[in-house]
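*Asks:* heads up, no residue letters with this:
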């Protein structure tokens, strides 16, 4: 697989839109493109998937078009396995945050760290802010830091005159090539919500935005040189997956869409998967295991609450001994209330939104009890990112520690064959837990 990473000095540099434009421009040239995002972000991957698909509409196939590369969540072997799950012969990787920004105050798991481990060249999207030559030493410092993979620059939100002046100085004082520029285009701004960018499915004109971005990329960026800069990545030999006679029901709609592609692919390769909508469908499809992912249930709380038949169907399934794993928004859906709206009511708890992040970042989990994901003492890696709080009078079975930090807390709640909590888990990096889950479910149906 040939690949290139698109990165930036910081978040908010416009690299997601630039990356989408590059992906679509390459697709128009006939390249079979897979997309990736470094880090734990499950929202941006939907935008990248839309750009690498035939259209931007949210479909199941589109959901599989973009994956994550994350050393903490997947492990070093896991990021190679993630690449091996991709269908394309070429890939474009969008780096998270700033190029060097990793876990806590380190560069570990940063775009820089991952690009070095994969030996993939990187292109820096630089958006000047009230500066001219001052941009040059900043870019030079990033390019000359130990084993930097930066090979080129794209100047973003600049005029042609500014681009020509700065390009001359960057190429004079560094070994980087300046591939071109993107002018400032107001209508291309992607709005945000409390967990970052709004979902791709919520932007009616997303397809037009992607097409326009690709047009500007083709007009202003040296795509031939960008393709030349792509690196050959050795793909890990794909794991052998044993098929099981298990039916997995996965919630997927506007309220529940925060899934890691790698996890969905693991279920696809091992089980019979059916997708359903807690918003629109009347009852839970017949299944042996229910997976409720994260999302924005608080935004669609009225519709979820009004779908009484679905709520009752899920509750009856659970009371009859059905196996369930729910994370973040899925956990909130299983509580009695989200704000003032009635939910499934498995946990006697109330979920409410706050104005600030309650948990944010990588975590390490130790199980304090046997459960659907493992035995007492087993360890998992995960990520939390939420502004909601859940008032629950139960002790969690997850003993959680902030990665590279001192903060500790508990989460993860049991009821019959249900495990629910806030952490998001990428099962590609927790294969032991995935195997335990599948064996647990299989044991229940035999």
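*Replies:* All right, it came through fine. Please read all numbers here as calculations on a predicted model, not as lab measurements.

*Asks:* So for residue 235, what pLDDT did the model give?
*Replies:* On the pLDDT scale, residue 235 is placed at 65.

*Asks:* I should have written residue 108 there, sorry.
*Replies:* Residue 108 is assigned a pLDDT of 95 by the prediction.

*Asks:* Can you tell me the closest non-neighbouring residue to it?
*Replies:* By the measure of C-beta to C-beta, 6 or more residues apart in numbering, the closest residue to residue 108 outside its immediate chain neighbours is residue 102, 4.4 Å from it. C-betas here are computed from N, CA, C, even on glycine.

*Asks:* Sticking with the one you found, tell me its helix or strand.
*Replies:* Here residue 102 sits in a region with no helix or strand, counting by DSSP states H and E.

*Asks:* which residues sit in contact with it?
*Replies:* 108, 109, 110, 112, 113 (C-beta atoms under 8 Å, 6 or more residues apart in numbering).

*Asks:* One more: residue 143?
*Replies:* By C-beta under 8 Å, 6+ apart, the neighbours of residue 143 are 124, 150, 174, 175, 176.

*Asks:* and the closest residue to residue 11 other than its chain neighbours, which of the three is it?
*Replies:* Nearest non-adjacent residue to residue 11, counting by C-beta to C-beta, 6+ apart: residue 97, 5.1 Å away. The three-state assignment at residue 97 reads coil, by DSSP: H, G, I helix; E, B strand; the rest coil.

*Asks:* State the number of residues packed around residue 97.
*Replies:* Using other C-beta atoms under 10 Å, residue 97 has 20 other residues around it.

*Asks:* Show the low-confidence segments of the stretch 51-200 of the chain, by residue range.
*Replies:* 54-64, 186-200 (pLDDT under 70).

*Asks:* where do the helices sit along it?
*Replies:* Secondary structure of the stretch 51-200 of the chain (DSSP state H, counting those that start in this stretch): helices located at 60-63, 71-84, 111-118, 135-144, 160-173.

*Asks:* Okay, buried residues for stretch 413-424 please.
*Replies:* Buried residues in stretch 413-424, counted by 16 or more other C-beta atoms under 10 Å: 413, 414, 417, 418, 419, 420, 421, 422, 423, 424.

*Asks:* What does the pLDDT read for the last one?
*Replies:* Just to be clear, that refers to residue 424. Reported pLDDT for residue 424: 97.

*Asks:* confidence score at the closest residue to it other than its chain neighbours?
*Replies:* Nearest residue to residue 424, sequence neighbours excluded (C-beta to C-beta, 6+ apart): residue 383, at 5.0 Å. Per-residue confidence at residue 383 stands at 96 (pLDDT).

*Asks:* Can you show me the strands along the stretch 201-350 of the chain?
*Replies:* For the stretch 201-350 of the chain, the strands defined by DSSP state E, counting those that start in this stretch cover 231-232, 247-251, 256-258, 272-276, 289-292, 294-295, 323-327, 335-338, 341-342, 347-353.

*Asks:* Please indicate which of the contacts of residue 143 are buried?
*Replies:* Using 16+ other C-beta under 10 Å, the buried ones in those are 124, 150, 174, 176.

*Asks:* Next up, the contacts around the third one.
*Replies:* The contact partners of residue 174, taken as C-beta under 8 Å, 6+ apart, are 136, 139, 140, 143, 144.

*Asks:* who wins for most neighbours among those residues?
*Replies:* Counting by other C-beta under 10 Å, top hit in the contacts of residue 174: residue 139 with 23 neighbours.

*Asks:* contacting residues around that one?
*Replies:* 124, 126, 153, 170, 174, 176.

*Asks:* The nearest residue to the fourth one once chain neighbours are set aside - how many residues pack around it?
*Replies:* In space, residue 170 comes closest to residue 178 once its chain neighbours are excluded; the distance is 5.4 Å by C-beta to C-beta, 6+ apart. When neighbours are counted by other C-beta under 10 Å, residue 178 registers 24.

*Asks:* you'd agree residue 178 is up against residue 155?
*Replies:* Yes - counting by C-beta atoms under 8 Å, residue 178 touches residue 155, with 6.7 Å between them.

*Asks:* Pop the domain breakdown of the protein in here.
*Replies:* Per automatic domain parsing, the domain ranges recorded for the chain read 2-232, 247-445.

*Asks:* could you redo those as a markdown table and give each row distance to residue 238?
*Replies:* As requested, the domains of the chain are exported to a markdown table (distance: least, C-beta to C-beta, whole Å):
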| stretch | distance to residue 238 |
| --- | --- |
| domain 2-232 | 5 |
| domain 247-445 | 9 |
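
*Asks:* Out of these, flag the one nearest residue 240.
*Replies:* domain 247-445 (9.4 Å; C-beta to C-beta).

*Asks:* hmm, back to that, what residues are shared contacts of residue 178 and residue 155?
*Replies:* With C-beta under 8 Å, 6+ apart, residue 178 and residue 155 have common neighbours 163, 166, 167.

*Asks:* Narrow the residues you listed to just the buried residues.
*Replies:* 163, 166, 167.

*Asks:* residue contacts, the last one?
*Replies:* Think residue 167. Contacts of residue 167 by C-beta under 8 Å, 6+ apart are 155, 178, 181.

*Asks:* need the contact list for the residue nearest to residue 424.
*Replies:* Counted by C-beta under 8 Å, 6+ apart, residue 383 has contacts 40, 72, 73, 361, 362, 363, 423, 424.

*Asks:* Mark which of those are part of helices, please.
*Replies:* 72, 73 (DSSP state H).

*Asks:* can you list the contacts of residue 383 in CSV and add distance to residue 34?
*Replies:* Below are the contacts of residue 383 laid out as CSV (distance: C-beta to C-beta, whole Å):
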residue, distance to residue 34
40, 19
72, 22
73, 18
361, 27
362, 24
363, 28
423, 27
424, 22
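
*Asks:* and which of the contacts of residue 383 is nearest to residue 280?
*Replies:* Out of the contacts of residue 383, the member with the shortest distance to residue 280 (by C-beta to C-beta) is residue 424, at 24.1 Å.

*Asks:* For that closest one, give its distance to residue 51.
*Replies:* 23 Å (C-beta to C-beta, to the nearest Å).

*Asks:* Same check on residue 8?
*Replies:* Distance from residue 8 to residue 51, by C-beta to C-beta: 17 Å.

*Asks:* now residue 30
*Replies:* With C-beta to C-beta as the criterion, residue 30 and residue 51 are 15 Å apart.

*Asks:* more neighbours, these two?
*Replies:* When neighbours are counted by other C-beta under 10 Å, residue 30 and residue 51 differ, and residue 51 comes out ahead with 32 against 7.

*Asks:* wouldn't the more buried one be in contact with residue 24 here?
*Replies:* Yes - using C-beta under 8 Å, residue 51 makes contact with residue 24 at a distance of 4.8 Å.
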